[in-house]
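> Provided below for reference: sequence and predicted model.
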Amino acid sequence: MRHEDTEFVGGPLDGRVLGVLAGMTGQPPRVYTVPVPTPEGGPPVVHVYHREPSPGPRGSRRTRWVFVYDPEGNRPDGPKWPWRKSS
């Protein structure tokens, strides 16, 4: 399996570069979730990150993609097809 080094921005993984499994297209997933167990033994807290292209010129980037923290934990609905009505 191929890994893509990806930088994380914000949240508990801020500033880390981790190897994320790449899909069939060679890109990491659009949404990356990190479950963190609670010390009391309750349900884990899930942190959500969204993939974006890495900012800046190509030569100065550390990675091709960055995962940006979403504190609200919104997950995208899916692909936006042009023939579907907007909700």
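That came through fine.
> tell me the secondary structure for Val66?
Using DSSP: H, G, I helix; E, B strand; the rest coil, the structure places Val66 in strand.
> partners of it in the sheet?
Legend: beta-bridge partners of Val66 under DSSP bridges are Glu7, Glu52.
> Name the SS class of Arg62, please.
Here Arg62 is coil, with the state taken from three-state DSSP.
> Grab the nearest non-local neighbour of it.
Excluding the flanking residues, the one nearest Arg62 by Cβ to Cβ, 6 or more residues apart in numbering is Glu7, at 5.8 Å. (Each C-beta comes from the backbone N, C-alpha and C, glycine too.)
> Next up, the contacts around that neighbour.
Gly15, Arg16, Val17, Ser54, Arg62, Thr63, Trp65, Val66, Phe67 (Cβ atoms under 8 Å, 6 or more residues apart in numbering).
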